[in-house]
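1. sharing a model that was predicted from the sequence below.
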Amino acid sequence: TLNSFDKGPLVSQQQAEKPRQPYPLSPAQRIPNIADLGEKCTQPLDAGPCKNFTPRWYFNVSSTTCEKFDYGGCAGNRNHFFSKNE
């Protein structure tokens, strides 16, 4: 007898043969869409007025890459991250 939960295949033969894109994409595979980045990532580089410099990363809209810079430690804007992957 058939189990009452058996409703047939979950995917069609055509769907099963499609190559699958690995998910989620690794950071190296992602191509940023500027419109999707939001305000934080589209703000210009701003190290802030303080002089307690620490290495940080920011998103450069022109090159569409993350770049290292020296953050002053206060103020500035929100486009600064502790790591490239963040």
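-> The structure has been received and is ready for your questions. Residues are numbered from 1 along each chain as shown.

2. let me know the pLDDT of Leu37.
-> We have a pLDDT of 71 for Leu37.

3. which ones are touching it?
-> Phe59, Val61 (CB atoms under 8 Å, 6 or more residues apart in numbering). To be clear about C-beta, it is placed using only N, CA and C from the backbone, and glycine gets the same treatment.

4. what segments of this protein are strands?
-> Applying DSSP state E to the chain gives strands spanning 54-60, 65-71.

5. tabulate the CA atom coordinates of the last one in PDB.
-> These are the backbone C-alpha positions of strand 65-71, laid out as PDB (Å, rounded to 0.1, in the frame of the first residue of the first chain):
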ATOM      1  CA  THR A  65      35.900  46.400  -3.900                       C
ATOM      2  CA  CYS A  66      36.700  46.400  -0.200                       C
ATOM      3  CA  GLU A  67      39.800  48.300   0.600                       C
ATOM      4  CA  LYS A  68      41.900  48.700   3.700                       C
ATOM      5  CA  PHE A  69      42.300  52.100   5.400                       C
ATOM      6  CA  ASP A  70      43.300  53.600   8.800                       C
ATOM      7  CA  TYR A  71      40.200  54.600  10.800                       C
END
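
6. how about TSV for the strands of the chain, with mean neighbour count, mean pLDDT and distance to Glu39 added?
-> Below are those laid out as TSV (neighbours: other CB atoms under 10 Å; pLDDT from 0 to 100; distance: least, CB to CB, whole Å):
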stretch	mean neighbour count	mean pLDDT	distance to Glu39
strand 54-60	17	96	11
strand 65-71	14	97	17
